[in-house]
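Trainee: Quick one, what's the 3D model for this:
(one chain, ligands or ions: 2)
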Amino acid sequence: MIKFNNVSKTYSNSKVAVKNLNIQVKEGETCVLIGPSGCGKSTTLRMVNRLIEPTSGDIYINGKNAHDITNTDLRRNIGYVIQEIALFPNMTVGQNIALVPELKRWPKKRQKKRVMELLDLIGLQPHEYINKYPCELSGGEKQRVGVARALSADPPIMLMDEPFGAIDPITRARLQDEFLVIQEKIKKTIIFVTHDIDEAIKMGDKIAIMCEGKLIQYDTPKVILSNPRNSFVENFIGENRTIKWLNLLSVEKIMISNPPKVSINEKVNSVLAKMYNSGIPYCVVVDNSENLKGFISQKNIIKAKQTNIQNYICPVKEKLKKTTPVAEAIFRMFSNNTNIFPVVDEHDKIKGLVTTEILSSCVNNLNNNPGIKEEQSINVSAHC
Ligand SMILES: Nc1ncnc2c1ncn2[C@@H]1O[C@H](COP(=O)(O)OP(=O)(O)O)[C@@H](O)[C@H]1O
Ligand SMILES: [Mg+2]
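Mentor: Ligands and ions are numbered 1, 2, ... in the order given. Down below sits the predicted model:
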């Protein structure tokens, strides 16, 4: 969808802002550009909509060289959100959002419909906000309107330059969460600039770590956290790499999928047989209506004295969602003083089990990972 091919930018004062950048962003993906201040993030972003022209190299958008697309076409088809959203103070929220549709000469009725839809999408009550002026909005609301304005003509691409950077941490976290929900629905191709590694991990499908105009590592958040390419990346990620990784990983990725099910009236031998057949030393116990009644572990029934299973059932203390981060599962396991949790889907159907053994092997795997796989082969400076 967006491809940087050996792109460099040298400013007129000979400042080399971007050096030989090669990145591909797939359709529907969010690529986060991150790195210290002055490393070339904004320059990279602004070359996509040609607010800045590359000195050399090419940027392809859907296979077409950006150089061959007119500036007007580029800017009307690429949403752009910046840190201090410059809403026009003399225009209402509705007029601000409808800026590009107005330039595209959409009929008024269609513009209004789109504005109402977008206000709803960004969580501002349409009838209440459409006629407000920017001075009547909080910082977070202005930023939401800025996002709506960038989305107004439904552009396939969004460029976001530290969009939540100037917002207080609590509102920022809320805007990030809201935007993730929106992106799940709209599936835009996004390049998102930040200098906050936690924001990058949260928002990015891929993270591009830059230093002094060069790309140092381009990988998924998981790979960046588990295999930082060199000490610059490792330092940039900062402390608590393990915790960041466990916060990112969902229990769905580590759970025992589809554990055997047994009925509450089943006999010990039959339960053991099901465990042996499945190779899973646990099973879930359900009643006649498939409601979860508890679990049995092989350890508990292997030496069972009774043939009925009732006395060996561990009760369900809490359920995890498939999306629950592993870090939260560990915390809940300790606070509930239990060693097994069911994982359920959005319809409350059991999808898997998470046990203390799985959680501890997950932590150990990461701790045993050497982290830095290869010092970067290219000549890296003291910083990167
Ligand atoms: N118009 C310009 N003229 C000269 N140098 C510039 C210009 N814009 C940015 N730079 C320099 O280019 C480098 C990269 O800038 P920028 O892309 O804005 O970095 P970032 O967004 O990562 O903070 C910085 O050293 C900056 O000072
Ligand atoms: Mg910048």
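Trainee: burial count for residue 54?
Mentor: Applying other C-beta atoms under 10 Å, we find 23 residues neighbouring residue 54. From N, CA and C alone the C-beta is placed, and that goes for glycine too.
Trainee: The one 4 residues further on too?
Mentor: Per other C-beta under 10 Å, the neighbour tally for residue 58 reads 14.
Trainee: element containing it, please.
Mentor: strand 56-61 (DSSP states H and E).
Trainee: Quick one: mean pLDDT for that strand?
Mentor: In this model, strand 56-61 carries a mean pLDDT of 97.
Trainee: how about that strand as CSV, C-alpha atoms only?
Mentor: Coordinates of each C-alpha in strand 56-61 appear next as CSV, following Å, rounded to 0.1, in the frame of the first residue of the first chain:
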residue,chain,number,x,y,z
SER,A,56,16.2,10.9,-3.7
GLY,A,57,14.2,7.6,-3.8
ASP,A,58,10.6,7.0,-4.4
ILE,A,59,7.4,6.5,-2.4
TYR,A,60,4.7,4.3,-3.9
ILE,A,61,1.1,4.5,-2.9
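Trainee: counting contacts, what elements does it pack onto?
Mentor: Applying 3 or more C-beta pairs under 8 Å, 6 or more residues apart in numbering; DSSP states H and E, we find strand 56-61 packed against strand 2-10, helix 41-48.
Trainee: Just put the ones you listed in a markdown table and tack on distance to residue 241, mean pLDDT and mean neighbour count.
Mentor: Formatted as a markdown table, those follow (distance: least, C-beta to C-beta, whole Å; pLDDT from 0 to 100; neighbours: other C-beta atoms under 10 Å):
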| stretch | distance to residue 241 | mean pLDDT | mean neighbour count |
| --- | --- | --- | --- |
| strand 2-10 | 28 | 98 | 19 |
| helix 41-48 | 22 | 97 | 23 |
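Trainee: Any idea which of those gets closest to ligand 1?
Mentor: Ligand 1 sits nearest to helix 41-48 of all the helices and strands packed on strand 56-61, at 3.2 Å, using C-beta to the nearest ligand atom.
Trainee: Would you mind pulling the contact partners of that closest one?
Mentor: Outside helix 41-48, the residues that touch it by C-beta atoms under 8 Å, 6 or more residues apart in numbering are 2, 4, 7, 9, 17-18, 21, 33-35, 52-54, 59, 61, 66, 78, 157, 159, 161, 191, 193, 195, 210.
Trainee: that older thread, in the strand holding residue 58, what counts as buried?
Mentor: 57, 59-61 (16 or more other C-beta atoms under 10 Å).
Trainee: quick one on the thing from earlier: of all the helices and strands packed on strand 56-61, which one is nearest residue 150?
Mentor: Ranking those by proximity to residue 150 (C-beta to C-beta) places helix 41-48 first, at 12.8 Å.
Trainee: anything in the closest one near ligand 1?
Mentor: Yes. Residues of helix 41-48 are located near ligand 1 by C-beta under 6 Å from any ligand atom, namely 41-43.
Trainee: now, among these, which is nearest to residue 330?
Mentor: residue 41 (33.9 Å).
Trainee: Now residue 304. Nearest residue, chain neighbours left out?
Mentor: Distances taken as C-beta to C-beta, 6 or more residues apart in numbering put residue 268 closest to residue 304, at 4.7 Å, once the chain neighbours are dropped.
Trainee: all strands for the stretch 101-250 of the chain, in order.
Mentor: 157-161, 189-194, 206-211, 214-219 (DSSP state E, counting those that start in this stretch).
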